[in-house]
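In: Sequence and predicted structure below; questions after.
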Amino acid sequence: MSGLGLDVFGDRVDEALDSKVLDLFREHTVVEVKDIKLELSNKIEKSHRRFTQELQEHFRDILTVTNEVGELYRFLKDGDSLFMDLCFKDNVYGVDKLPELHHEPIATNLRRKSTTVTCLAPMSPVVSSATSVLLVSNWTLAITDFVSRFTASSNPGKLFDKTLQEFENLRNHIAQLHPFKKIILSKCHQFLSFINDDEASHNIFTFNQWAKLYNLILRDEPPVFEWDSEQLKAFDSLLFDTTLANYTEDLLKDEQVQEFVRSAIFQSKMSEKILKSIHVQLMELDDLLKSGHDVSRSLSHLHKLASRDTTASDIVDESRLYAEGLVTDQRVALYRLITSITDKLRSLKVNSGGSNQMADLKSRLIEKLQQCLPSELPGSTATLKMDDMISDVMRRHNDENYRIFIERQIKRLRE
């Protein structure tokens with residue numbers, strides 16, 4: 001609206017207001033006009049307070065909507081840009097030009113009138129090219145949508161499934177898509193780069209989705225899509241670090257997860273992780289035995305434990321430690337390390353050539369356990385005072401229980 005137009009509009013508003021004011025003075029006294037003015041002022045004040053309150057309560061909602069509108073505008077702009085590229089960048093997308101129209105006149109005689117019929121060239125190559133363009137376009141847009149929206153989406157699973165479905169559609173027609181090799185290679189690089197580098201997405205992917213990504217990227221035999229070798233190494237490390245850290249037997253209810261977990265490569269990676277963990281814990285055991293620092297856990301510890309906010313099972317577990325002769329901090333720490341290592345040895349899946357390594361680990365652990373055996377105490381207690389004698393009897397009793405515990409662990413390892 002021009003400046004002249006605004007002036008005219010303002011003049012009209014002023015005229016309308018002047019007319020209403022004059023009407024008020026014609027119909028009401030000055031006192032009544034003042035009352036009307038006061039009433040209107042109160043209404044304006046109430047409306048202003050209500051507006052301020054509503055603004056304060058919904059300020060975050062307004063900001064969220066504003067951001068979402070901005071994000072939607074950005075997506076629309078990106079979509080428009082991609083569509084324009086698809087339409088006009090033939091050198092990037094490898095779109096073939098439409099073949100020239102070939103025609104030849106055929107003379108016919110219908111109702112004794114000369115008519116010319118044009119025969120069009122065969123259309124099958126055009127249909128094939130259009131189908132290929134549509135396949136690659138849908139796949140490209142799905143990857144772009146996935147990369148830009150996955151971590152912020154309220155329904156990331158739907159985006160993930162749509163993208164994998166487009167991969168499957170492309171796989172089924174890959175033989176026809178050689179002209180699009182460059183763009184397919186580029187989008188595969190973008191897809192795998194996002195998975196490797198976007199740390200926020202690592203916490204969103206479910207175990208089932210990791211299994212599907214494994215089937216798409218690593219298990220694909222023969223390989224249909226070309227992946228960058230360095231990206232593949234990074235993905236392999238990320239995939240198994242994440243899945244091994246989050247694996248529980250409850251996940252085996254899912255058929256696809258079950259197939260992935262029982263695969264030879266997953267079992268091999270699981271064995272590697274367990275072996276690495278065992279080696280680390282054996283070094284911790286060495287350090288613990290060399291430390292020499294130990295603190296006795298007196299029976300008063302049980303009374304303190306009972307007075308805290310603990311469960312009955314905690315008190316039972318602590319009592320069982322005393323019954324096994326685990327009456328010092330060092331012995332309890334040794335017990336927990338030994339129990340953890342033996343559990344890992346039992347769960348370790350021995351693959352071909354791994355039996356020697358298992359035997360070596362067991363031998364090393366037995367050697368450590370033998371170092372844990374308590375030394376023999378002097379036999380005579382006749383010269384001891386009563387309090388010392390009671391302490392000595394308790395120490396011998398605890399040492400004997402601890403010896404039995406260690407020997408039991410050694411026996412199990414040798415079986």
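Out: Happy to help now that I have it.

In: Show me the shaky parts of the chain.
Out: Flagging of the chain using pLDDT under 70 yields the residue ranges 1-17, 86, 88-128, 292-312, 314-315, 349-356, 377-389.

In: and if we set it to 50?
Out: 1-2, 4, 6, 8-9, 101, 103, 106-127, 351-353 (pLDDT under 50).

In: Pop the domain breakdown of it in here.
Out: 3-57, 124-262, 297-414 (automatic domain parsing).

In: tell me the most buried of the ones you listed?
Out: Most buried of those, by mean neighbour count (mean count of other C-beta atoms under 10 Å): domain 124-262, with a mean of 15. Yep, even glycine has a C-beta here, placed from its N, CA and C like the rest.

In: Return the distance of that domain from the chain's centre.
Out: 14 Å (C-alpha atoms, centre = their mean, to the nearest Å).

In: Can you give the distance of stretch 394-411 from its chain's centre?
Out: Using C-alpha atoms, centre = their mean, the mean C-alpha position of stretch 394-411 is found 46 Å from that of the whole chain.

In: neighbouring contacts of that stretch?
Out: Here stretch 394-411 makes contact (C-beta atoms under 8 Å, 6 or more residues apart in numbering) with 323-327, 331, 335, 338, 342, 366, 369-370, 372-374, 377.

In: Which one of the domains of the chain lies nearest to Ile278?
Out: Ile278 sits nearest to domain 297-414 of all those, at 5.4 Å, using C-beta to C-beta.

In: Identify the residues contacting whatever helix or strand Leu185 lives in?
Out: Element membership of Leu185, judged by DSSP states H and E, is helix 181-197. The contact list for helix 181-197 (C-beta under 8 Å, 6+ apart) reads 92-94, 136, 139-140, 143, 146-147, 150, 163, 170, 177, 201, 213, 217, 225-228, 231-232, 234-235, 238.

In: mind exporting it as PDB, just the C-alpha atoms?
Out: Presented in PDB, the C-alpha positions along helix 181-197 are these (Å, rounded to 0.1, in the frame of the first residue of the first chain):
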ATOM      1  CA  LYS A 181      25.700 -44.900 -10.900                       C
ATOM      2  CA  LYS A 182      27.200 -41.600  -9.900                       C
ATOM      3  CA  ILE A 183      24.200 -40.300  -8.000                       C
ATOM      4  CA  ILE A 184      23.600 -43.700  -6.300                       C
ATOM      5  CA  LEU A 185      27.200 -43.800  -5.200                       C
ATOM      6  CA  SER A 186      26.900 -40.200  -3.800                       C
ATOM      7  CA  LYS A 187      23.700 -40.900  -1.900                       C
ATOM      8  CA  CYS A 188      25.100 -44.100  -0.400                       C
ATOM      9  CA  HIS A 189      28.100 -42.200   0.900                       C
ATOM     10  CA  GLN A 190      25.700 -39.600   2.400                       C
ATOM     11  CA  PHE A 191      23.600 -42.200   4.000                       C
ATOM     12  CA  LEU A 192      26.500 -44.200   5.600                       C
ATOM     13  CA  SER A 193      28.300 -40.900   6.600                       C
ATOM     14  CA  PHE A 194      25.200 -39.900   8.600                       C
ATOM     15  CA  ILE A 195      24.900 -43.200  10.400                       C
ATOM     16  CA  ASN A 196      28.600 -43.100  11.300                       C
ATOM     17  CA  ASP A 197      28.900 -39.500  12.300                       C
END
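
In: Farthest-apart pair in the contacts of stretch 394-411, please.
Out: Greatest spatial distance in those: Thr342 and Leu377, 28.0 Å, computed using C-beta to C-beta.

In: So which bits of stretch 72-82 are buried?
Out: By neighbour count with 16 or more other C-beta atoms under 10 Å, stretch 72-82 contains no buried residues.

In: Can you name the residues in contact with it?
Out: Outside stretch 72-82, the residues that reach it (C-beta under 8 Å, 6+ apart) are 140-141, 144, 148-149.

In: CA atoms only: put stretch 364-381 into CSV for me.
Out: Below are the C-alpha coordinates for stretch 364-381, written out as CSV (Å, rounded to 0.1, in the frame of the first residue of the first chain):
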residue,chain,number,x,y,z
ARG,A,364,46.2,-68.1,34.5
LEU,A,365,43.1,-67.8,36.7
ILE,A,366,44.0,-70.9,38.7
GLU,A,367,47.5,-69.5,39.3
LYS,A,368,46.0,-66.3,40.6
LEU,A,369,43.6,-68.2,42.8
GLN,A,370,46.4,-70.2,44.4
GLN,A,371,48.1,-66.9,45.3
CYS,A,372,44.9,-66.0,47.1
LEU,A,373,45.1,-69.0,49.5
PRO,A,374,45.6,-67.8,53.1
SER,A,375,48.9,-68.6,54.8
GLU,A,376,49.0,-71.1,57.7
LEU,A,377,48.8,-69.6,61.2
PRO,A,378,51.0,-70.8,64.1
GLY,A,379,49.4,-73.8,65.9
SER,A,380,49.8,-72.9,69.5
THR,A,381,47.4,-70.4,71.2
